[in-house]
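> Structure here, sequence nowhere to be found:
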């Protein structure tokens, strides 16, 4: 069993929630980096200030003065820099002065010596639970001692900065989680509210029943994104309504058409049983009943044929069919009936071959001819024309008849359709002949149309000369 797809609301909520989470985390990371960079720059500025103050102190009275005075000057140089420590040594490593309780010996030996203190030259180290940021620089001092350079290791404690950053990260995590939850909730509410038009359309669709197929959705009342959906749904309803209407009419017509032969059979049987009759009379009644049975059998066969056509089950057996030869053969078959009705049959055109099913094409031509003969007045002429065109053959059947209104012409190929009451229930045909013709022509990849003008009706059938079997 296929797994049900995840709901759109959940997809959107998770997607937008994930994006919001990434955005908030990225923003928090950028803020943290900015604060950390600010602290580093602040420490660099402080270290440079300490070095400058020391350089100024060392550039005072010459080194021949008492060392105590020098120590006092150097100690006073970093007053105001509470976290700063420094260590001054000569090239041989002798310590000239170091901040009391400083821990710079190891750092001064391992850290690289640099000319300037900047973001790239400062280093971090830890000692006895304390964290420091510092650097080692060389300072040229002509008066102390012997004009040789001095090495200054300077550092500042950054525990406060680190504690602040850790606290900031904790608050950032809490704020990020809260913001993500709020964003996800807001997204879900927005998606739920955004789906309100879909739920409204669903309620409207749910109210549509078989007796309310005329109801349509109003595309102008839905969001732009759903306009195409509403239009497509209305088109589908239009097609369903048309099919449902034709099916209802078809069922009613079937009932009407079958009621006539059944009524005749019932009446004739009741008359036959009303009194004793001779064998000859019973024979006549059975022959009459047989005609009704044949009529019903033909109607059922036609309906089964149309059902196959509706379900695309007609599979033509392709052979070369000469249309003119088939028409001439049908003229011989209908000759006696045409003479009885005083109708003349005429064929115009040369032999044209098409690829198709011979029995189906003959049935279509037979239905067209029988329809034309049936509706042609006495002394009328039924003209069949056969011609060829590029990759197709055209056959038209023309007969004189009362003009048919243009609105009726497209429906002549509908089942049980008759354009006027005068042609209803004539007893000749059940109204399925032209529908069968259309099904056969379309099964061969062709088309058929009807035109009416100047007391003439013309059925034009077009068939491809080459048909590809599936």
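Here it is on my side, so go on. All values reported here derive from a predicted model rather than from experimental measurement.
> Provide the secondary structure category for the residue positioned nearest the centre of the chain.
The residue lying closest to the centre of the chain (Cα atoms, centre = their mean) is residue 229, at 10.7 Å. With DSSP: H, G, I helix; E, B strand; the rest coil as the basis, residue 229 sits in helix.
> Okay, domains of this protein per the record?
For the chain, automatic domain parsing gives the domain ranges 8-166, 219-310, 319-464.
> would a markdown table of those with distance to residue 208 be doable?
C-beta here means a position set from N, CA and C on the backbone, and glycine is covered the same way. A markdown table is the format used below for these (distance: least, Cβ to Cβ, whole Å):
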| stretch | distance to residue 208 |
| --- | --- |
| domain 8-166 | 23 |
| domain 219-310 | 7 |
| domain 319-464 | 25 |
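> Which among those domains is found nearest to residue 206?
Distance to residue 206, taken as Cβ to Cβ, is lowest for domain 219-310 among those, at 12.6 Å.
> for stretch 307-326, which positions count as buried?
By neighbour count on 16 or more other Cβ atoms under 10 Å, the buried set for stretch 307-326 is 309, 314, 316, 318, 321, 323, 324, 326.
> From residue 300, how far out is residue 367?
Computed as Cβ to Cβ, to the nearest Å, the residue 367 to residue 300 distance reads 17 Å.
> still on that earlier bit, so for the residue nearest to the centre of the chain, what pLDDT did the model give?
Residue 229 is assigned a predicted lDDT (pLDDT) of 86.
> In the protein, where is pLDDT below threshold?
Applying pLDDT under 70 to the chain picks out residues 1-2, 60-67, 69-71, 80, 141-147, 417-430, 467-470.
> Strands along that one, start to end?
Ranges of strands in the chain, per DSSP state E, are 84-89, 95-98, 113-114, 123-127, 130-139, 150-157, 319-322, 344-348, 353-356, 381-389, 392-400, 447-453, 456-464.
> contact partners of the shortest one?
Outside of strand 113-114, the residues within contact range by Cβ atoms under 8 Å, 6 or more residues apart in numbering are 121, 135, 136, 137, 138, 151.
> Redo the strands of the chain as JSON lines? Include distance to residue 337.
Below are the strands of the chain laid out as JSON lines (distance: least, Cβ to Cβ, whole Å):
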{"stretch": "strand 84-89", "distance to residue 337": "125"}
{"stretch": "strand 95-98", "distance to residue 337": "133"}
{"stretch": "strand 113-114", "distance to residue 337": "119"}
{"stretch": "strand 123-127", "distance to residue 337": "113"}
{"stretch": "strand 130-139", "distance to residue 337": "116"}
{"stretch": "strand 150-157", "distance to residue 337": "120"}
{"stretch": "strand 319-322", "distance to residue 337": "23"}
{"stretch": "strand 344-348", "distance to residue 337": "10"}
{"stretch": "strand 353-356", "distance to residue 337": "26"}
{"stretch": "strand 381-389", "distance to residue 337": "11"}
{"stretch": "strand 392-400", "distance to residue 337": "14"}
{"stretch": "strand 447-453", "distance to residue 337": "22"}
{"stretch": "strand 456-464", "distance to residue 337": "19"}
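> out of those, nearest to residue 171?
strand 130-139 (20.9 Å).
> Can you list the strands that the closest one pairs with?
If you go by DSSP bridges, strand 130-139 pairs up with strand 113-114 (parallel), strand 123-127 (antiparallel), strand 150-157 (antiparallel).
> tell me the most buried of these?
strand 150-157 (a mean of 24; mean count of other Cβ atoms under 10 Å).
> so how many other residues sit close to residue 86?
The local packing of residue 86 (other Cβ atoms under 10 Å) involves 25 other residues.
> partner residues bridging it?
Bridge pairing for residue 86 - DSSP bridges - gives residue 154.
> and the residue lying closest to residue 466 once chain neighbours are set aside, what is it in contact with?
Spatially, and ignoring its direct neighbours in sequence, residue 466 is nearest to residue 355 (5.5 Å; Cβ to Cβ, 6 or more residues apart in numbering). Applying Cβ under 8 Å, 6+ apart to residue 355 gives the contacts 318, 319, 320, 321, 464, 465, 466, 467.
> burial of residue 158, as a residue count?
So residue 158, with other Cβ under 10 Å, has 21 neighbours.
> For it, grab phi and psi.
When read as degrees, to the nearest 10, the backbone of residue 158 gives phi -120, psi 20.
> that older thread, out of the strands of the chain, the one nearest residue 238 is which?
Using Cβ to Cβ, the nearest of the strands of the chain to residue 238 is strand 447-453, at 22.7 Å.
> Which strands or helices does the closest one pack on?
helix 433-443, strand 456-464 (3 or more Cβ pairs under 8 Å, 6 or more residues apart in numbering; DSSP states H and E).
> how about those, which one is nearest residue 14?
helix 433-443 (49.7 Å).
> Check which residues of the closest one are buried.
Those would be 433, 434, 435, 436, 437, 438, 439, 440, 441, 443, for helix 433-443 by 16+ other Cβ under 10 Å.
> who are the neighbours in contact with the residue nearest to residue 360 when sequence neighbours are not counted?
Distances taken as Cβ to Cβ, 6+ apart place residue 440 nearest to residue 360, at 4.7 Å, with adjacent residues excluded. Contacts for residue 440 (Cβ under 8 Å, 6+ apart) come out as 309, 314, 360, 361, 363, 364.
> swap in residue 381?
Residue 381 makes contact with 343, 344, 345, 346, 399, 400, according to Cβ under 8 Å, 6+ apart.
> can you give me the helices for the stretch 251-400 of the chain?
For the stretch 251-400 of the chain, helices defined by DSSP state H, counting those that start in this stretch occupy the ranges 279-310, 323-340, 358-374.
> deepest of those, which one?
helix 358-374 (a mean of 20).
> Show me what it packs onto, helices and strands only.
strand 319-322, helix 323-340, strand 381-389, strand 392-400, helix 433-443, strand 456-464.
> chain center to that helix, what's the gap?
46 Å (Cα atoms, centre = their mean, to the nearest Å).
> now the angle between helix 279-310 and that helix, please.
Between helix 358-374 and helix 279-310, the angle comes out at 120 degrees (axes from the mean of the first three to the mean of the last three Cα atoms, to 10 degrees).
> So what touches helix 358-374?
Residues contacting helix 358-374 (Cβ under 8 Å, 6+ apart): 314, 316-317, 319, 321, 323, 326-327, 329-331, 333-334, 337-338, 341, 343, 345, 354, 382, 384, 395, 397-399, 426, 428-429, 433-434, 436-437, 440-441, 443-444, 459, 461, 463.
> Tell me the buried residues in stretch 402-409?
Judged by neighbour count using 16+ other Cβ under 10 Å, the buried positions of stretch 402-409 are residue 404.
> in stretch 93-113, what's buried?
96, 97, 98, 99, 102, 103, 104, 107, 108, 111.
> Got phi/psi on residue 118?
Dihedral pair for residue 118: phi -140, psi -170, per degrees, to the nearest 10.
> Residue 134 and residue 50 touch, don't they?
No. Contact criterion Cβ atoms under 8 Å: residue 134 and residue 50 do not qualify, at 9.8 Å.
> who's more crowded, the two?
Using other Cβ under 10 Å, the more surrounded residue of residue 134 and residue 50 is residue 134, with 28 against 23.
> All set now, cheers.
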